[in-house]
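J.: build me a structure from this.
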Amino acid sequence: DDWSAWFDVEKSETAPLPSGYELSLTPFDKLIFLRAIRPDRLMHSMSEFIGKIMGSEYVSQKPFNMKSTYDETSNKTPVFFVLFAGVDPTPWVENLGKDLGISAENKNFVNISMGQGQESPAEGMVKKFAKEGGWVMLQNCHLMSSWVPKLERLLEVVTENAHKNFRCFISAEPPPIASWRNMPESLMQSCIKVANEAPSDIKSNLIRAWDNFSPDTISSCSKPKEFKACLFSLCWFHAIVCGRRRFGQQGWSRKYSFNTGDLMICANVLNSYLDSN
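T.: From the prediction side, this is the model:
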């Protein structure tokens, strides 16, 4: 009867084992026991086990901090962003740049989406900012894999005497098959690589979504209390949509990968709606 009652507990990993087993089994032994009796609760128990043994940072993903990544960069080391579904590094770079006085308005930041005919403008901006100082962001370089070796050689040349404020940010999608190579290995070795894949659990996605909005953003609305409540609901919905990406990209009329840009646009619409009503 005691074992039947323990088996029927919703969160059996937190309930004490009957017949004195709670005292005789180690936490790892209890994992093995749950695997045999209640496999549906194994993942939750493993999360608690890893959190206690290794630390909570191995269980809950912290929001990405672009500032700490920037502190590791230099004018001789490019930053390479690995693009995942629902992840757009552009706002991270642009927002950090604004804090440091680097922006398109100040004419010391340029964002180029690579494609046919963009090779010459990209090379020109790399040379210009390497000499005068500034940030250049080259997006979707996987579309120009034949040109990337030329970019690599150009970076080797210009970074020898580059301005101290020069930074080069590169983004590209990983190849569809792990054995394929769409970026030169030597370029990858010379870059600081940032792979910030969206988490799959709701809690981490919710923290990640909410981290995009500062107190100043909330106070900028004429109705901050209502805006904060609605914004949290919006982040919750966004976290659920992102968490379900494991089942494939889902949209209303077509496959669509919801990302941070969509969340920010919805927040701006929400802000405007509350201000006008």
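J.: so Phe49 belongs to a helix, correct?
T.: Yes - secondary structure of Phe49 (DSSP: H, G, I helix; E, B strand; the rest coil): part of a helix.
J.: wait, what's in contact with the residue positioned nearest the centre of the chain?
T.: The centroid of the chain falls nearest to Asn196 when counting by C-alpha atoms, centre = their mean (3.7 Å). If you count contacts by C-beta atoms under 8 Å, 6 or more residues apart in numbering, Asn196 has them with 64, 81-82, 84, 87, 89. No exception for glycine: its C-beta is placed from N, CA and C like everyone else's.
J.: neighbour-wise, which one of the residues you listed leads?
T.: Phe81 (25 neighbours; other C-beta atoms under 10 Å).
J.: follow-up on the earlier one: did I read that right, the residue nearest to the centre of the chain in a strand?
T.: No - judged by three-state DSSP, Asn196 forms no part of a strand; its state is coil.
J.: mind checking how far it is from Lys164?
T.: Distance, Asn196 to Lys164, using C-beta to C-beta, to the nearest Å: 26 Å.
J.: host element of Ile112?
T.: For Ile112, the element it lies in under DSSP states H and E is strand 109-113.
J.: run the chain-centre distance for that strand.
T.: Centroid separation between strand 109-113 and its chain, computed with C-alpha atoms, centre = their mean, to the nearest Å, is 20 Å.
J.: just stretch 72-90 next, same as before
T.: That offset, for stretch 72-90, works out to 10 Å (C-alpha atoms, centre = their mean).
J.: cool, stretch 213-227 as well?
T.: With C-alpha atoms, centre = their mean, you get 24 Å for stretch 213-227.
J.: now do the longest helix seen in the chain, average pLDDT.
T.: The helix that spans the most residues within the chain, counting by DSSP state H, is helix 224-243. When pLDDT is averaged along helix 224-243, the result is 91.
J.: who are the packing partners of that helix?
T.: Helix 224-243 sits against helix 202-210, helix 215-219, helix 260-275, with contacts defined as 3 or more C-beta pairs under 8 Å, 6 or more residues apart in numbering; DSSP states H and E.
J.: could you identify which of those helices is most buried?
T.: Sort these by mean neighbour count, taking mean count of other C-beta atoms under 10 Å, and helix 202-210 sits at the top with a mean of 19.
J.: quick one on the thing from earlier: could you give me the buried positions within the longest helix of the chain?
T.: 227-228, 230-231, 234-235, 238-239, 241-243 (16 or more other C-beta atoms under 10 Å).
J.: now stretch 90-110
T.: For stretch 90-110, a neighbour-count test (16+ other C-beta under 10 Å) marks 90, 92-94, 96-97, 102, 108-110 as buried.
J.: so which of these belong to helices?
T.: Applying DSSP H to these, the entries found in helices are 90, 92-94, 96-97.
J.: in a markdown table: those residues, plus distance to Thr73 and pLDDT.
T.: Converted to a markdown table, these look like this (distance: C-beta to C-beta, whole Å; pLDDT from 0 to 100):
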| residue | distance to Thr73 | pLDDT |
| --- | --- | --- |
| Thr90 | 17 | 87 |
| Trp92 | 13 | 87 |
| Val93 | 11 | 91 |
| Glu94 | 16 | 90 |
| Leu96 | 11 | 91 |
| Gly97 | 13 | 92 |
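J.: closest to Ser24 among those?
T.: Distances from Ser24 to those, taken as C-beta to C-beta, are shortest for Trp92 (50.2 Å).
J.: what sits against the closest one?
T.: Trp92 sits next to 64, 66 when contact means C-beta under 8 Å, 6+ apart.
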